[in-house]
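Engineer: What follows is a predicted protein model with its sequence.
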Amino acid sequence: DAKTTQPPSMDCAEGRAANLPCNHSTISGNEYVYWYRQIHSQGPQYIIHGLKNNETNEMASLIITEDRKSSTLILPHATLRDTAVYYCIVRVEGDNYGQNFVFGPGTRLSVLP
Amino acid sequence: DGGITQSPKYLFRKEGQNVTLSCEQNLNHDAMYWYRQDPGQGLRLIYYSQIVNDFQKGDIAEGYSVSREKKESFPLTVTSAQKNPTAFYLCASSTWNTEAFFGQGTRLTVV
């Protein structure tokens, strides 16, 4: 079972920031938070990941709460092409591959003109 | 360019037939994965392989088989024992400290 919970859907106005929440209340100390998105009928695309510090790249920012039980993916200026299903995943990094990428149903983000 | 390639993009199968989906990567990744996705649903893990000549069942392995004879290749066979094989199939690869890279998927339809 997925170890994260996300709202099933969200809307965002084009040009505004999209803030996608994720709860991972049972996260372990060595588990990273990953975000992916999937545009219809394509393979998921990696966005960003982090352990406990906030992270930013050219696509998005990831804000992780101090207790690490939740996080928020921020798309600073959403465009119509950001309409997709967004998945939040927790995963251990290390020599042990035992934990895999477990996907839940995700959040369907609709960016509206 | 490095990447992960799935073929074919669309596949039609008659009931009772086995069919094999191809997945090849040139990223030098040790781990490879197969997922199934049904309409409006998330991805469910079928099989994964951490190293050549080794693979493990995921959550929904019944009716599927895999092999990992080469690091670059992880083909998935959908057997006649799979009761409802029509779905979108995704292959991915990773190392122990990288994100998973996904192929563009194969859409399998039973006719």
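Structural biologist: Happy to help now that I have it. Source: prediction; values computed, not measured.

Engineer: so which residue of chain A comes closest to chain B?
Structural biologist: For chain A and chain B, the shortest gap (CB to the nearest CB) falls at residue A:43, measuring 3.4 Å. (Each C-beta comes from the backbone N, C-alpha and C, glycine too.)

Engineer: what's that residue in contact with, if anything?
Structural biologist: B:90, B:92, B:102-105 (CB atoms under 8 Å, 6 or more residues apart in numbering or on different chains).

Engineer: same deal with residue A:36?
Structural biologist: By CB under 8 Å, 6+ apart, the contact set of residue A:36 is A:44-47, A:86-87, A:89, A:103, B:99.

Engineer: can you tell me which helix or strand residue 46 belongs to?
Structural biologist: I went with chain A, as the question did not name one. Per DSSP states H and E: residue A:46 is located in strand A:45-50.

Engineer: could you do chain B instead?
Structural biologist: For residue B:46, the host element (DSSP H and E) is strand B:43-51.

Engineer: Name the strands paired with that strand and say parallel or antiparallel.
Structural biologist: Applying DSSP bridges to the sheet, strand B:43-51 is found paired with strand B:31-37 (antiparallel), strand B:54-57 (antiparallel).

Engineer: now what about the first one, what contacts it?
Structural biologist: Right, strand B:31-37. The contact list for strand B:31-37 (CB under 8 Å, 6+ apart) reads A:97, A:100-101, A:103, B:23, B:25, B:43-51, B:58, B:60, B:64, B:66, B:68, B:74, B:76, B:87-96, B:100, B:105.

Engineer: Among the residues you listed, which ones are in strands?
Structural biologist: Residues of the contacts of strand B:31-37 located in strands (DSSP state E): B:23, B:25, B:43-51, B:64, B:66, B:76, B:87-94.

Engineer: Residue A:20 touches residue A:10, doesn't it?
Structural biologist: Yes. Counting by CB atoms under 8 Å, residue A:20 touches residue A:10, with 6.6 Å between them.
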